[in-house]
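Novice: dropping the sequence and predicted coords here.
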Amino acid sequence: MEVDLQAVRRVFEDVLNGRMLREQADRWAYAVVQAEESGVVKYSPPRERERIWAGVMYLYGIDAMKAPNAYLHSNDDIREAMMASLGGVGDNLAGDDSAGTRAAVAMLEPLF
Amino acid sequence: MTVDDFRSGIDAASLDVGRRPDATTVRSAVVVPLRQIPPTYPNQRLSPERLHQIDRAFFGPFFREKYGTGGDKALENGRIRYYGPVQRANNAGELAGRRYVHEFDTMTGCTRGWHETLDRMGNVRQVRPERPDGVIGHYQFDSNGRYKGSW
């Protein structure tokens, strides 16, 4: 499994734009964590491993709730966290290169 | 029932996020100089201080980097907990945010993880364990750590 900054950022953006449920983002991040535990994650580029991991670990649990049917985090919280962990990465994306992310999410869809 | 009772009651095997602590060593391919520490003998009960010492020398560099940026704690039962950073919630009333906790059992090599929601006083008010069956539950506690209920 290869994970890059753009893929992580795309998941953040999809959550904020309502294109992806928080529960789906959480399961995507959980799949990355499990793959990391198995030693099969490749970070691209490797020097960005810390930032990628920080983003993944924010997304893991992003669907936490403060009460039934009430998410703990606001969209502002999520946007702030995205900027803190990923900064401006992806601002210069050329077109929609989210195919990889969407393919990964598609693999998770049977879970829902 | 308290927060700690609840955590202890979670079956480590059922919440196993990964049972291969050695896998990270293979992936990292980083030479970590091991510190010289006194040997441990069979049947020797490890104090938290001793466990912490061993963790710093052997396990810590891998787990702490991934899961313990917010701190770590050695427990009496041979387990070590690694705390992630608190992810702030700015509009959640008395709740300050959440963090991921990763626990490593040095006796079995098993790991498990859960999300904790903290109030502004630093008390754990909710625990959300990761379950292999995919069922996600939130377990609530009051400010004194007493179990309130779940959904």
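Specialist: Nice, thanks for sending it over. Residues are numbered from 1 along each chain as shown, chains lettered A, B, ... in the order given.
Novice: now residue A:55, nearest residue through space, not along the chain?
Specialist: residue A:8 (3.9 Å; Cβ to Cβ, 6 or more residues apart in numbering or on different chains). For every residue, glycine as well, the C-beta is placed using N, CA and C.
Novice: tell me the secondary structure for the one you found?
Specialist: helix (DSSP: H, G, I helix; E, B strand; the rest coil).
Novice: quick one: residues contacting it.
Specialist: Shown in contact with residue A:8 (Cβ atoms under 8 Å, 6 or more residues apart in numbering or on different chains): A:52, A:55, A:56, A:59, A:86.
Novice: quick check: the fourth one touching residue A:25?
Specialist: Yes: taking contact to mean Cβ atoms under 8 Å, the distance of 5.0 Å between residue A:59 and residue A:25 places them in contact.
Novice: overlap in contacts, the two.
Specialist: A:11, A:12, A:15.
Novice: which one (most neighbours) among the residues you listed?
Specialist: Neighbour counts for the shared contacts of residue A:59 and residue A:25 (other Cβ atoms under 10 Å in any protein chain shown) peak at residue A:11, which has 29 neighbours.
Novice: can you check the pLDDT for that one?
Specialist: You'll see residue A:11 listed with a pLDDT of 97.
Novice: secondary structure element for it?
Specialist: Per DSSP states H and E, residue A:11 falls inside helix A:5-16.
Novice: report whether the helix or strand following that helix contacts chain B.
Specialist: As assigned by DSSP H and E, the chain's next helix or strand after helix A:5-16 is helix A:22-37. Yes: contact of helix A:22-37 with chain B (Cβ under 8 Å from any Cβ of the partner chain) involves A:30, A:33, A:34, A:36, A:37.
Novice: can you count the residues close to residue B:88?
Specialist: 14.
Novice: what about residue A:59 and residue A:25, which has more around it?
Specialist: Taking other Cβ under 10 Å, residue A:59 and residue A:25 do not tie; residue A:59 has more neighbours (27 against 24).
Novice: so what's the more buried one closest to, chain neighbours aside?
Specialist: residue A:29 (3.8 Å).
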